[in-house]
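A.B. asks: Whatever this is, show me its structure:
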Amino acid sequence: MSHSIEVSELQLSALTGNGSTTRIGSQDGQVFLRLNASPDAVRALPVEFVKAHRILPLDIQNGTLHIATADPGNQRVIDDIRLLTGLEVRESPAKASEILERIAEFYQVTVEQMVENLDSTQSAGSESRNLHDIEVMANEPTVINLVNVIISTALRERASDIHLVPFEETLQLRYRIDGLLQEKPPPPKQLHAALVSRIKIMAEMNIAERYLPQDGHIQIHHRGARVDIRVGTMPTIYGESVVMRLLEKNSKLFSPRELGLDEKRCALLNTLVEKPHGLFLTTGPTGSGKTTTLYAILSGIYAPEKKILTIEDPVEYELAGVAQIPVRPNRGFTFATGLRSILRQDPDVVMVGEIRDSETAEIAIRAALTGHQVFSTLHTNDAAGAVTRLLDMGVEAFLISSSLEGVLAQRLVRKICSNCKVEWAIPDAMRARLVSFGADHVDGRFYHGTGCDECRGTGYRGRTGIFELLAVTPELRELILQKRSSAEIKAAAQKSMITMHQDALQKAAAGITTLEEIVRVASADKIE
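C.D. replies: Okay, the predicted model is just below:
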């Protein structure tokens with residue numbers, strides 16, 4: 001059974017930092033109030049009291065404590081605050097959800113604060129201690145709290161991954177936020193073995209094995225939401241490296257339109273995925289949102305009269321009304337063996353998490369030819385490359401031509417922070433670089449973010465997709481039968497297809513992303 005912990009309920013007694021935290025602006029269409037809490041105000045009331053009464057102390061001035069409250073005019077609460085603090089009280093109304101969000105943020109320990117307060121001399125030499133000593137250290141409150149704070153901070157900052165990597169003198173801690181790694185204050189190197197062991201204990205991994213890669217799983221609850229964490233360890237010359245991937249199970253499932261597809265291509269996508277049978281693929285590199293797109297498609301086509309089965313590694317999000325099956329390679333249950341079995345379960349729609357080998361590819365294609373809707377993913381650079389990839393796997397061209405209905409290639413680009421977005425004059429160097437990629441024109445108004453508290457100084461907040469949607473026409477089926485190259489297939493498809501790079505330039509011109517972000521994501525390919 002996986003460990004289930006609550007990582008956001010750290011007590012006020014551990015909060016020793018100074019300064020204040022600011023949150024302002026909007027997120028997911030919701031506008032948040034400016035709720036700035038000064039350190040003195042935060043320390044004035046215990047965390048249990050502010051949570052119970054849904055209040056947030058904001059500031060102390062001239063003997064008066066200013067609070068935000070979801071229940072203004074409650075004289076009993078006001079009297080209790082006066083008794084606890086000896087101060088007068090001034091109220092401002094605010095939504096309870098916003099107050100609770102800020103309480104969770106202000107009344108907690110940060111990684112920096114914990115690292116500052118650690119007595120590193122007590123942990124010296126932990127790397128050379130025996131297994132028993134390390135296991136004892138891994139269960140000490142200091143190590144447990146530090147791991148909890150590392151995870152809770154990552155969730156608060158919307159990180160998708162946590163990287164803990166040892167080097168000769170330091171232990172590097174980084175979070176992947178909006179697709180890019182950001183370095184954080186490192187924990188003491190002396191705690192490396194204990195931290196790794198603590199994570200392994202939570203993930204039910206073998207703490208005695210330090211020289212082979214391992215995979216594990218942790219389940220936690222954070223602010224009322226269930227979070228699954230995939231853990232992977234890898235031995236390096238300075239000890240074990242750990243990567244934790246964070247998956248919030250209660251996250252909202254987006255529609256293709258919300259993911260970044262324009263209205264015209266959404267209509268074409270709906271036409272392709274509503275066919276009674278055939279193969280539809282999403283392609284792109286790891287972390288480009290392929291599975292998220294397939295989830296959006298499955299949610300859109302779900303109906304009670306359809307039986308939808310998925311086979312995934314792992315199941316990332318739970319879909320209502322869909323039977324989802326995780327593969328277990330260590331027990332011989334792979335995509336290929338699982339796909340054979342689920343076809344005997346009388347499905348109408350099948351989603352295969354990834355086509356990794358020729359066996360899986362051939363079974364998926366034959367299923368598409370025998371009356372099933374089949375969805376899957378491939379690792380290719382563009383939509384046309386999916387055909388070449390299947391041919392390289394040994395799938396016959398006539399099978400691909402007969403079964404493939406469409407391919408959606410995608411990448412993720414960061415969105416400009418709406419709180420600090422300003423118009424931007426394109427530097428000559430940037431214009432020249434875009435032209436060198438093949439962009440004929442980069443005229444018009446473009447934007448970037450100057451950096452603010454809302455985006456933590458990056459100028460970006462959130463991500464969106466850039467896409468190219470290839471619909472397999474009779475002309476393309478003939479080219480596939482002739483085993484033409486992906487370049488020839490792409491050239492033929494472009495007569496009616498918006499390429500990924502054209503989509504990216506359109507999103508930059510619309511003020512959704514920046515030209516720098518396009519160059520970062522698309523620099524490996526020519527812009528057309």
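A.B. asks: From the chain's centroid, how far away is stretch 221-237?
C.D. replies: 12 Å (CA atoms, centre = their mean, to the nearest Å).
A.B. asks: Kindly report the same for stretch 169-176.
C.D. replies: Using CA atoms, centre = their mean, the offset of stretch 169-176 from its chain centre is 19 Å.
A.B. asks: likewise stretch 160-171?
C.D. replies: For stretch 160-171, the distance to the chain centre is 19 Å (CA atoms, centre = their mean).
A.B. asks: and that stretch, which residues are buried?
C.D. replies: The neighbour-count check on stretch 160-171 (16 or more other CB atoms under 10 Å) flags S160, D161, I162, H163, L164, V165, P166, L171 as buried. All C-beta spots, glycine's among them, are computed from the backbone N, C-alpha and C.
A.B. asks: Also stretch 328-346?
C.D. replies: So stretch 328-346, judged by 16+ other CB under 10 Å, has buried residues T334, F335, A336, T337, G338, L339, I342, L343.
A.B. asks: Can you get me the start-to-end distance on that stretch?
C.D. replies: Start-to-end span of stretch 328-346 (CA to CA, to the nearest Å) is 22 Å.
A.B. asks: mean confidence for that stretch?
C.D. replies: Stretch 328-346 comes out with an average pLDDT of 89.
A.B. asks: Not counting its own residues, what contacts that stretch?
C.D. replies: If you take CB atoms under 8 Å, 6 or more residues apart in numbering as the criterion, stretch 328-346 is touched by 307, 309, 311, 313, 323, 325, 327, 350, 352-357, 359-360, 363-364, 367, 372.
A.B. asks: 10 Å instead?
C.D. replies: Applying CB atoms under 10 Å, 6 or more residues apart in numbering, the contact partners of stretch 328-346 are 215, 307, 309-314, 323, 325-327, 350-364, 366-367, 370, 372, 374, 376.
A.B. asks: can you give me how far it is from the chain middle?
C.D. replies: That offset, for stretch 328-346, works out to 27 Å (CA atoms, centre = their mean).
A.B. asks: repeat for stretch 389-399
C.D. replies: How far stretch 389-399 lies from its chain's middle: 32 Å, per CA atoms, centre = their mean.
A.B. asks: Equivalent analysis for stretch 215-227, please.
C.D. replies: 14 Å.
A.B. asks: what does stretch 171-187 give?
C.D. replies: Chain-centre distance of stretch 171-187: 14 Å, with CA atoms, centre = their mean.
A.B. asks: How about stretch 415-422?
C.D. replies: That offset, for stretch 415-422, works out to 20 Å (CA atoms, centre = their mean).
A.B. asks: who's in contact with that stretch?
C.D. replies: For stretch 415-422, contacts defined as CB under 10 Å, 6+ apart pick out 24-27, 178, 260, 424, 446-464, 507-508, 511-514, 517.
A.B. asks: where does the stretch 251-400 of the chain have low pLDDT?
C.D. replies: For the stretch 251-400 of the chain, applying pLDDT under 70 flags the ranges 251.
A.B. asks: hey, where'd the strands end up in the stretch 101-250 of the chain?
C.D. replies: Here the stretch 101-250 of the chain has its strands, by DSSP state E, counting those that start in this stretch, at 159-166, 171-177, 180-184, 214-222, 225-236, 239-248.
A.B. asks: Just want the most central residue of this structure.
C.D. replies: S160 (3.9 Å; CA atoms, centre = their mean).
A.B. asks: Look up the closest residue to that residue, ignoring the ones flanking it.
C.D. replies: R176 (5.1 Å; CB to CB, 6 or more residues apart in numbering).
A.B. asks: returning to what we had before: mean pLDDT lowest where, among the strands of the stretch 101-250 of the chain?
C.D. replies: Looking at the strands of the stretch 101-250 of the chain, the bottom one is strand 214-222 with a mean of 88.
A.B. asks: That one packs against which elements?
C.D. replies: Strand 214-222 sits against helix 141-156, helix 192-202, strand 225-236, strand 239-248, with contacts defined as 3 or more CB pairs under 10 Å, 6 or more residues apart in numbering; DSSP states H and E.
A.B. asks: Next, the contact list for G451, please.
C.D. replies: Taking CB under 10 Å, 6+ apart, one finds C417, N419, C420, G457, T458, G459, Y460 in contact with G451.
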